[in-house]
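>>> sequence first, predicted coordinates after that:
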Amino acid sequence: MRVVVAGGAGFLGSHLCERFLADGAEVICVDNFLTGRPENVDALRAHPAFRLLRRDVTGPVDLAGPLDAVVNLASPASPVDYRALPLETLAAGARGTGRLLELARRKKARLVLASTSEVYGDPQVHPQPEGYWGHVNPVGPRSMYDEAKRFAEALTTAHRATHGTRTGIVRIFNTYGPRMRADDGRAVPTFVTQALAGKPLTVAGDGTQTRSLCYVDDLVDGLVRMTVGDHPGPVNLGNPEELSMLDLARLVARLCGDQAPIAFVSRPPDDPGMRRPDVSLALAELDWRPRVTLADGLARTIDWFRLRAAAPPPVPRQPGPARLPAQDG
């Protein structure tokens, strides 16, 4: 199997590259390093089946040779990133998705779009099934990400209907694990780094808003199953166990062995009040369910952040071309 992972140097993409390599696939990682990090894939560069292509998917991404699959993870995904890069986020969802769909069509490959639970907005249906159309503010502070993904879903669906492109759509709910950036604005890395530093854990609002957290290994397994299958989606991927942000902060503090206090801060506009996937379709069509418990996944994540904090800082460098694949024309 020969697969392109667009956004492959990001948190989720790097884990997916590792999994495909472990399964015996040849992997071409495409990333412009706008939000992905070279160190996420440094350990993969010596692998004979891994290639790294530094490229923005909103431009040409033609590759020589056959392809079996393209997984589109190319987008800023954290609140800090997509608010700082609104036009780039919209371009990735529109032009980038279009470029990758055309690549998949020409190569007769399957394209899997990594969409998001954000397409449901601040939901009025709970838990959220794939048939729910959402409750989204198209001009709000999260709209650049929400609408980029909603458009990408529409474009992927139209490509399949018009050209017969073999496509699948997954809607990814909150995912956590090693390689998350401490400063990306998401709850788990924020709480973990605060607890390890002995600082108060900052909980937005009164902390009663809920999320459902899926460990990265489980999420990657769902992505692989979708890639090798033929279901068009959309299919929710996430952990249906729901908890409040206040309970999450308390759990992280306890697992870190810390008695750090909770500090309540202002809640961001359009912050969803609840988030929980209905994963019955994933179970029926992909035989997939999350298996890593929250306590176990958080312990692994905390260990990674603790080791990273104790390690010397990496030497800054620019990502090199790392055995780039040949390009058409």
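Now that the structure is in, tell me what you want to look at.
>>> so which bits of stretch 74-87 are buried?
74-79, 81-83, 85 (16 or more other C-beta atoms under 10 Å). The C-beta positions use only the backbone N, C-alpha and C, and glycine is treated the same way.
>>> ok now that stretch, how far from the chain's centre?
From the chain centre to the centre of stretch 74-87 is a distance of 12 Å (C-alpha atoms, centre = their mean, to the nearest Å).
>>> longest helix in this structure, please.
helix 143-163 (DSSP state H).
>>> so how far is that helix off the chain centroid?
With C-alpha atoms, centre = their mean, you get 17 Å for helix 143-163.
>>> so what does it touch, helix or strand wise?
helix 79-84, helix 86-91, helix 97-107, strand 110-116, strand 166-172 (3 or more C-beta pairs under 8 Å, 6 or more residues apart in numbering; DSSP states H and E).
>>> Gly185: which of the buried residues of stretch 74-87 is nearest?
Pro79 (4.4 Å; C-beta to C-beta).
>>> so that closest one sits against Asp183, correct?
No - under the criterion of C-beta atoms under 8 Å, Pro79 makes no contact with Asp183, lying 11.1 Å away.
>>> which intervals of the stretch 51-200 of the chain have sub-threshold pLDDT?
For the stretch 51-200 of the chain, applying pLDDT under 70 flags no range at all.
>>> if I pick Cys17, what's in contact with it?
5, 8, 27, 29, 41, 44, 50 (C-beta atoms under 8 Å, 6 or more residues apart in numbering).
>>> secondary structure element for the fourth one?
Just to be clear, that refers to Cys29. strand 26-31 (DSSP states H and E).
>>> now the element after that strand, going C-ward?
In N-to-C order, the element after strand 26-31 by DSSP H and E is strand 50-54.
>>> buried residues, stretch 274-283. List them.
274-279, 281-282.
>>> how distant is it from the center of its chain?
Taking mean C-alpha positions (C-alpha atoms, centre = their mean), stretch 274-283 and its chain are 16 Å apart.
>>> avg pLDDT for that stretch?
For stretch 274-283, the mean pLDDT works out to 97.
>>> and the end-to-end length of it?
22 Å (C-alpha to C-alpha, to the nearest Å).
>>> what residues does that stretch touch?
117, 120, 123, 126-130, 171, 173-174, 209-212, 222, 235-240, 242, 288-290.
>>> before we move on, what about stretch 189-202?
Taking C-beta under 8 Å, 6+ apart as the rule, stretch 189-202 contacts 176, 180-183, 248-249, 252-253, 256, 258, 260-265, 298, 301-302, 305-306, 309.
>>> among these, which ones are in helices?
248-249, 252-253, 298, 301-302, 305-306, 309.
>>> reformat those as JSON lines; add distance to Leu63.
Shown next, in JSON lines, are these (distance: C-beta to C-beta, whole Å):
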{"residue": "Leu248", "distance to Leu63": "41"}
{"residue": "Ala249", "distance to Leu63": "44"}
{"residue": "Val252", "distance to Leu63": "42"}
{"residue": "Ala253", "distance to Leu63": "47"}
{"residue": "Leu298", "distance to Leu63": "38"}
{"residue": "Thr301", "distance to Leu63": "34"}
{"residue": "Ile302", "distance to Leu63": "39"}
{"residue": "Phe305", "distance to Leu63": "35"}
{"residue": "Arg306", "distance to Leu63": "39"}
{"residue": "Ala309", "distance to Leu63": "38"}
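>>> quick one: least confident of the residues you listed?
Where pLDDT dips furthest among the ones in helices among the contacts of stretch 189-202: Ala309, at 83.
>>> how much space between Ala25 and Gly36?
19 Å (C-beta to C-beta, to the nearest Å).
>>> these two: which has the busier surroundings?
Each of Ala25 and Gly36 has its neighbours counted (other C-beta atoms under 10 Å); Gly36 has more, 25 against 21.
>>> next up, the contacts around that one.
Gly36 neighbours (C-beta under 8 Å, 6+ apart): 7-10, 13-14.
>>> tabulate the buried residues of stretch 274-283 (a markdown table), appending distance to Arg160.
As requested, these are exported to a markdown table (distance: C-beta to C-beta, whole Å):
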| residue | distance to Arg160 |
| --- | --- |
| Met274 | 31 |
| Arg275 | 27 |
| Arg276 | 28 |
| Pro277 | 23 |
| Asp278 | 23 |
| Val279 | 23 |
| Leu281 | 18 |
| Ala282 | 19 |
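>>> in CSV: these, plus distance to Ala152 and secondary structure.
Supplementary listing: the buried residues of stretch 274-283 in CSV, determined by distance: C-beta to C-beta, whole Å; DSSP: H, G, I helix; E, B strand; the rest coil:
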residue, distance to Ala152, secondary structure
Met274, 24, coil
Arg275, 20, coil
Arg276, 23, coil
Pro277, 19, strand
Asp278, 21, coil
Val279, 21, coil
Leu281, 19, helix
Ala282, 20, helix
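>>> please consider this matter closed, and thank you.
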